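Trainee: Sharing a sequence plus its predicted fold:
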Amino acid sequence: MNPQDIKKIYLIAICGTGMASLAGLLKEAGYDVTGSDSNIYPPMSTLLADLAIPVKPGYKRENITDDIDLVIVGNAVSKTNEEVQAVLENGLAYTSFPDAVARFFLEGRKSLVVTGTHGKTTTTSILSWVLHACGKEPGFMVGGWLKNFDLNYRVPKGDYFVSEGDEYDTAFFDKGPKFLHYRPFGAILTGIEFDHADIYDDLDHFKSSFRKFVEIIDPNGFLLVRFGDDHIQDVLGRVACPVETYGLTPGADWFGDGYQFEDGCGCFTLRHKGTAMGEVRLPMVGRHNGENAIAVAAVAIKLGIPAADVCKAFSGFRGIKRRQEVVGEKNGVTVMDDFAHHPTAIALTIEAVKEAYPDGRVFAVFEPRSATSRRNVFQDTFPPSFLAADEVIIARLFSPDKIPPDERLDPDRVAKDIERQGGRAHYIAEVEDIVAFIAQNSRPKDVVLIMSSGGFYGIHQKLLDRL
């Protein structure tokens, strides 16, 4: 079915971050959009309400009516879902979230995809902003909330569409990774480390998805890869497009020379194979975000945008919610929210916060919440990732019953191993007790870095109320 033949679209599990964004894109593109979900809460429920997109609570067979032209099925929805059963029985056309993105928004455009284990959301956001600031009017869809737009999507008006390329599976009827649908012309690969232990057996199985992805990049396009990542080198055997490296290490094709953090910005000279291209000031903490900016600059310049315009655009970036986001300050104590849930991301985030707040202590508070962080696959790699923090608090597992007992992370042991390795750590199971501990032990200039891939029971506001 061609997009021009479609009028009414129904999304099953519409309140997921990606699905709600897609619903917004489709609504603004002129389609009649409705959907359903069992988890209707902000910010996605607010986004959908503001767009006047009706959301039906729960999944009910009677929601699936004959006038629906296309059903889009979220990746967490199973074949046994009542609405899915009605779709199949009635012979309605259906597809997946990533296939719908490709079908409705990538045709006739150059698709730019950011993928890798770490930094996808941030890098996709920066790239979307830089292209926008340079007048290219790109479309985009991001897994985080861009403060520049107060949205996480935008309907394309120009030649480019920027996607966050997710290696997670697509739908119950398509177990391949989402990013294989995105028809990449240009891509950034930020790095490869094992993740998603719920669907990948091991690191090589994980790499196999990236091997497939790089093979489908347009031969006339390009791929930017992080310099010095051996796992990336393992997946490049059959890539057909030109490949260049980026990083803060001399030897990278695109190199950030003289990086330093000053006045709230990561600053460096952008060089391409030794030639200075301009000065970059990115208002974000952390060397890893400096590397993300180098990749973005390389993409924009390769697309023909003048280097001076590209370098200037970074200073206007306002950040992403839940990525080193300061949610408040009380009595001199700063409370920060971050999405980090992988050992490498945790270590980089703590390092970045220490760099940005050199005069205070960093309390690192971690909730094992993602499907992988709740598993014992990182039992031995979590402890060293926290050692740069001044105090570490490990909370209890989120919904431990969803993980087989012999596969569960032991958070108390993580805390004890941090202590054994020279850090200061505590296993404090409940949010109220964590809040009490920090309120009693923090002092002015301290930073409380709260890391979770979910809402963490509203700990941020509870802590601000208590301080």
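Mentor: Good, I have the coordinates.

Trainee: Do me a favour and average the pLDDT over the longest helix seen in the chain.
Mentor: As assigned by DSSP state H, the longest helix anywhere in the chain is helix 287-302. Per-residue pLDDT values over helix 287-302 give a mean of 96.

Trainee: how about stretch 429-436: buried residues?
Mentor: Val431, Ile434, Val435 (16 or more other C-beta atoms under 10 Å). C-beta: built from backbone N, CA, C; applies to glycine.

Trainee: Can you flag which of those belong to helices?
Mentor: Within the buried residues of stretch 429-436, residues falling in helices by DSSP H are Val431, Ile434, Val435.

Trainee: so Asn289 touches Thr122, yeah?
Mentor: Yes - taking C-beta atoms under 8 Å as the definition, Asn289 is a contact partner of Thr122 at 6.3 Å.

Trainee: Name the residue in these two with the higher neighbour count.
Mentor: Thr122 (28 against 23; other C-beta atoms under 10 Å).

Trainee: Three-state assignment for that one, please.
Mentor: Under DSSP: H, G, I helix; E, B strand; the rest coil, Thr122 falls in the helix class.

Trainee: wait, isn't it in contact with Asn292?
Mentor: Yes - with contact defined as C-beta under 8 Å, Thr122 counts as touching Asn292 (5.5 Å).

Trainee: before we move on, the earlier item: now, among the buried residues of stretch 429-436, which is nearest to Ala340?
Mentor: Comparing the buried residues of stretch 429-436 against Ala340 with C-beta to C-beta places Ile434 closest, at 16.9 Å.

Trainee: Show me the shaky parts of the stretch 251-400 of the chain.
Mentor: Across the stretch 251-400 of the chain, nothing is flagged by pLDDT under 70.

Trainee: quick one, helices of it?
Mentor: Applying DSSP state H, counting those that start in this stretch to the stretch 251-400 of the chain gives helices spanning 287-302, 307-313, 343-356, 382-385.

Trainee: Tell me which of those helices is the most buried.
Mentor: Comparing the helices of the stretch 251-400 of the chain by mean neighbour count (mean count of other C-beta atoms under 10 Å), helix 287-302 ranks first with a mean of 25.

Trainee: neighbours around Ser38, how many?
Mentor: For Ser38, using other C-beta under 10 Å, the count is 11.

Trainee: List the beta-bridge partners for the closest residue to Ala276 other than its chain neighbours.
Mentor: What sits nearest to Ala276 in space, not counting adjacent residues and going by C-beta to C-beta, 6 or more residues apart in numbering, is Thr269, at 5.7 Å. On the basis of DSSP bridges, Thr269 is bridged to Asp257, Glu279.

Trainee: What segments of the stretch 51-200 of the chain are strands?
Mentor: For the stretch 51-200 of the chain, the strands identified by DSSP state E, counting those that start in this stretch occupy 55-57, 70-73, 94-96, 110-115, 139-146, 151-154, 160-164, 169-171, 174-177, 184-189, in order along the chain.
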